[in-house]
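Q: the following comprises the amino acid sequence and a computationally predicted model.
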Amino acid sequence: MKTIDLVVPCYNEEEGLEHFVNETNKVIDSLPDYKFRYILVNDGSRDKTYLVMKNLAKRFKNIKYISFSRNFGKEAAMYAGLQHTGGDYVVVMDADLQHPPALFPQMIDAIEKEGYDCCATRREAREGESALRGFFSKMFFGLSNKLTDVSMPYGAMDYRMMTRQMVDSILELGEVQRFSKGIFSWVGFNTKWISFKTVDRQLGKTTWKFSSLFKYAIDGITCFSVAPLRFTAVMGAIIFFISLIYIIITLIQTLFFGITTPGYVTTLCAVLFLGGITEMSIGILGEYIGRIYMEAKDRPIYIVKHSNFDEEIDREKDTDEE
């Protein structure tokens, strides 16, 4: 019997976590040839998510949980969950049921019958989504595919099933500043993409804001590309040559025609333009230097406060002693 681990990052999922487990169990019960295990990761939730996890673990033997000492972010939660997996296949999914467990059979078939290493999902346009958010989402995927070495289809999501080999390859990448969508693509392996229409969550509230999504997009580009740095170098060269031509023209006008350089407006425009380019360049450099700084510290990606994996280790020790 093959085993499947479900890695589920959770942040403020007190209201919907039990409902998620109950709905997912309905799908699991329809797949008796596979043994499923939950790995719930509490990412420093401010509500009672940890207590709900703990109670669920008492009710269901196949539920394991990890609780962080504070909020380290979804990327850290996914990484922690993957580190604790041992199943033949691993699924990464959210706890809000926007990632439907009903896709499990289709994912299993893609790996076992069609020979893929991964079955990943991409979402179709969601009803009620603002045009502005849709525009920025398309722009992000377009820019990311052009500027980076990884390719992601529009609407790519973290929800996917992967083989043990692919998961082990992902865990070899231990950088602190993580962007899992890019990492999933960077490690390679044959991936089948399936589309589904997402729905609004039934319980709880989303914690994603536009500012968070914007930062996430910046992380995605800077984690896998130095194109912004090259852009600043090209802009600097272009501005240099334009300035050089302008200086030559100005000198010719002054020396041969006695025309003095136009003053205030021209100077002000040039100073503001060059100042803007300089500030933008410093900002881009700062972004990359900041990432180098964070990686150089070599701090842990997450810190565990509570976990019932420790109980499992203690039981194994007791068995060995006997």
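A: Nice, I can see it. Numbers count the residues shown, from 1 in each chain.
Q: quickly list the domain ranges of this structure.
A: Following automatic domain parsing, one finds the domains of the chain at 2-133+153-209, 227-297.
Q: among the ones you listed, which comes closest to Phe309?
A: Proximity to Phe309 (CB to CB) singles out domain 2-133+153-209 among these, at 5.9 Å. Where you see a C-beta, it was placed from the backbone N, CA and C, and this is true even at glycine.
Q: kindly list the longest helix within the chain.
A: helix 264-297 (DSSP state H).
Q: show me what counts as buried in that one.
A: With burial defined by 16 or more other CB atoms under 10 Å, the residues of helix 264-297 counted as buried are Ser281, Ile284, Arg291.
Q: closest one to Lys2 out of those residues, please.
A: When the buried residues of helix 264-297 are compared against Lys2 (criterion: CB to CB), the nearest one is Arg291, at 38.5 Å.
Q: in three-state terms, label Lys26 for me.
A: helix (DSSP: H, G, I helix; E, B strand; the rest coil).
Q: spit out the contact partners of it.
A: Pro101 (CB atoms under 8 Å, 6 or more residues apart in numbering).
Q: next one: Val167
A: Contact analysis of Val167 by CB under 8 Å, 6+ apart lists Leu82, Thr85, Val90.
Q: give me that answer again for 10 Å
A: 5, 7, 82-83, 85-90, 92, 117-118, 187 (CB atoms under 10 Å, 6 or more residues apart in numbering).
Q: kindly report the same for Leu255.
A: With CB under 10 Å, 6+ apart, Leu255 has no contacts at all.
Q: and the pLDDT at it?
A: Looking at Leu255, its pLDDT reads 70.
Q: next, it: secondary structure please.
A: Reduced to three states by three-state DSSP, Leu255 is helix.
Q: how near is it to Ile248?
A: 11 Å (CB to CB, to the nearest Å).
Q: show me where the stretch 51-200 of the chain has helices.
A: Secondary structure of the stretch 51-200 of the chain (DSSP state H, counting those that start in this stretch): helices at 74-83, 104-112, 131-147, 164-171, 180-186.
Q: by mean pLDDT, show me the worst of the ones you listed.
A: Looking at the helices of the stretch 51-200 of the chain, the bottom one is helix 131-147 with a mean of 61.
Q: sketch out the low-pLDDT regions of the stretch 1-150 of the chain for me.
A: Residue ranges of the stretch 1-150 of the chain with pLDDT under 70: 125-150.
Q: all strands of it, in order?
A: Using DSSP state E, counting those that start in this stretch, the strands of the stretch 1-150 of the chain run over 2-10, 34-42, 63-68, 89-92, 118-124.
Q: so, low pLDDT: which residues of the stretch 201-322 of the chain?
A: For the stretch 201-322 of the chain, the ranges with pLDDT under 70 are 201-227, 229-230, 247, 250, 253-254, 257-266, 268-269, 272, 311-322.
Q: repeat that for 90
A: For the stretch 201-322 of the chain, the stretches flagged by pLDDT under 90 are 201-302, 306-322.
Q: distance of the nearest residue to Ile194 once chain neighbours are set aside relative to Ile108?
A: Spatially, and ignoring its direct neighbours in sequence, Ile194 is nearest to Thr121 (5.7 Å; CB to CB, 6 or more residues apart in numbering). Relative to Ile108, Thr121 is positioned 14 Å away (CB to CB).
Q: higher neighbour count, the two?
A: Remark: of Thr121 and Ile108, Thr121 carries more neighbours, 23 against 19, as counted by other CB atoms under 10 Å.
Q: circling back to that earlier point, packing partners of the helix or strand following the longest helix of the chain?
A: Counting by DSSP states H and E, the next helix or strand C-terminal to helix 264-297 is strand 304-307. Secondary-structure packing of strand 304-307 (3 or more CB pairs under 10 Å, 6 or more residues apart in numbering; DSSP states H and E): strand 34-42, helix 49-59, strand 63-68.
Q: and Val304, which of those is closest to it?
A: So among the helices and strands packed on strand 304-307, strand 63-68 is nearest, using CB to CB, at 5.7 Å.
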